[in-house]
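K.L.:
sequence-free structure coming up:
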């Protein structure tokens, strides 16, 4: 498990993989004002991309924006305000954004939450699920027309977690059991992201869009400190930095698509297994179609 914290894999990393410049590429990063999202946005801005930071909080978003512009010298960094827990807000953001008529080369679904208590959004969804699953699903589906404009180079990268290894795919998306457990729900959400990525790769394989999910390793981010305080304290100094967590996201953005496998799960710049032996999760992906059906109807509930 230690490699999930600080990795020995890096001795096999090729520095030239990260030396690619991507001017003219439009990249959207959700949850970009702190942690892995911020480190990803900064890394892409440094390489010349036009980066759109999608943040819920305007003040934090503006602070991140000006810091990235200052640190990278790249002025093609823009802020978009959108609460990823709301289907309505995602719909209005994507419709606003579509009017710009720009191709989207890379969509990075990074925004995530681990809320320990059961919280219901104003739209009636359990909060972890609303952000991690329904928000990711809605944003990706609504961005497909703009991703198609960037074909054959378009890609969607979803930041999942090794937490998903413990959890099979389940149809109980909003955790109907009475004894709500945020950590278990988070693991389930992250499993859905892996299965969705697999499904999207099949559905859109002829559209020139590649779909990848990845595990950043355990990084010391504001999100981890807030949602898992005792874990954060216990492993203080042993966890990865946000930059180390963002490394594979940036790597997936920069690699030629021929080197990548659409639908695959990546860890430390390499394809990783989606299931651990004896964990009993491997047959669970068979129910993905019914999960997608539920998500589709939930995303259409409002408007």
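P.N.:
Now that the structure is in, tell me what you want to look at. This is a predicted model, so every value here is computed, not measured.
K.L.:
assess the claim that residue 114 and residue 184 are in contact.
P.N.:
No: Residue 114 is not in contact with residue 184 according to Cβ atoms under 8 Å; the separation is 10.5 Å. C-beta: built from backbone N, CA, C; applies to glycine.
K.L.:
those two: who's more crowded?
P.N.:
Using other Cβ atoms under 10 Å, the more surrounded residue of residue 114 and residue 184 is residue 114, with 22 against 16.
K.L.:
host element of that one?
P.N.:
Counting by DSSP states H and E, there is no helix or strand that carries residue 114.
K.L.:
can you show me the helices along this structure?
P.N.:
Secondary structure of the chain (DSSP state H): helices located at 35-46, 58-72, 87-98, 127-129, 136-148, 182-203, 222-227, 229-234, 242-254, 288-299.
K.L.:
distance check, the spatially closest residue to residue 137 that is not a sequence neighbour against residue 80.
P.N.:
Using Cβ to Cβ, 6 or more residues apart in numbering and skipping residues adjacent in sequence, the residue nearest residue 137 is residue 295, 4.6 Å away. Computed with Cβ to Cβ, to the nearest Å, the distance linking residue 295 and residue 80 is 23 Å.
K.L.:
and the two? which has more neighbours close in?
P.N.:
residue 295 (20 against 17).
K.L.:
about what we covered before: nearest to residue 12, of the helices of the chain?
P.N.:
If you check each of the helices of the chain against residue 12 by Cβ to Cβ, helix 242-254 wins as the nearest, at 12.3 Å.
K.L.:
give me the mean pLDDT for stretch 57-76.
P.N.:
Here the mean pLDDT over stretch 57-76 is 98, rounded to a whole number.
K.L.:
which residues sit against it?
P.N.:
Among residues not part of stretch 57-76, those counted as contacts by Cβ atoms under 8 Å, 6 or more residues apart in numbering are 32-34, 38, 41-42, 45-46, 48-51, 53, 55, 77-79, 81.
K.L.:
check which residues of stretch 88-95 are buried.
P.N.:
For stretch 88-95, burial by neighbour count (16 or more other Cβ atoms under 10 Å) applies to 89-91, 93-94.
K.L.:
tell me which residues are up against that stretch.
P.N.:
By Cβ under 8 Å, 6+ apart, the surrounding residues in contact with stretch 88-95 are 54, 80-84, 123, 135, 138-139, 142-143, 302-303.
K.L.:
got a list of what the closest residue to residue 222 other than its chain neighbours touches?
P.N.:
Leaving aside its chain neighbours, residue 222 sits nearest to residue 34 (4.9 Å; criterion: Cβ to Cβ, 6+ apart). By Cβ under 8 Å, 6+ apart, the residues touching residue 34 are 60, 64, 221-223, 242.
K.L.:
and if we set it to 10 Å?
P.N.:
With contacts defined as Cβ atoms under 10 Å, 6 or more residues apart in numbering, residue 34 is in contact with 55, 57, 60, 63-64, 221-223, 242.
K.L.:
over to residue 260?
P.N.:
155, 157, 210-212, 251-252, 266, 271.
K.L.:
just the buried ones from these?
P.N.:
Judged by neighbour count, with buriedness set by 16+ other Cβ under 10 Å, the buried members of the contacts of residue 260 are 155, 157, 210-212, 251-252, 266.
K.L.:
got the confidence number for the residue nearest to residue 254 when sequence neighbours are not counted?
P.N.:
Distance criterion Cβ to Cβ, 6+ apart; nearest residue to residue 254, sequence neighbours excluded, is residue 20 at 4.3 Å. Residue 20 is assigned 97 on the pLDDT scale.
K.L.:
how many neighbours does residue 20 have?
P.N.:
Under the neighbour criterion other Cβ under 10 Å, residue 20 is assigned a count of 14.
K.L.:
got phi/psi on it?
P.N.:
Backbone geometry at residue 20, expressed as degrees, to the nearest 10, gives phi -70, psi 140.
K.L.:
pLDDT below threshold where in the protein?
P.N.:
Scanning the chain for pLDDT under 70 picks out the ranges 1-8, 219, 221, 224-225, 227-228, 231-232, 301-303.
K.L.:
at 50 instead, please
P.N.:
Residues of the chain that meet the criterion pLDDT under 50 lie in 1-2, 302-303.
K.L.:
related to what we said a few turns ago, so which of the helices of the chain is the most surrounded?
P.N.:
For the helices of the chain, the stretch with the most neighbours on average is helix 35-46, a mean of 26; neighbours defined as mean count of other Cβ atoms under 10 Å.
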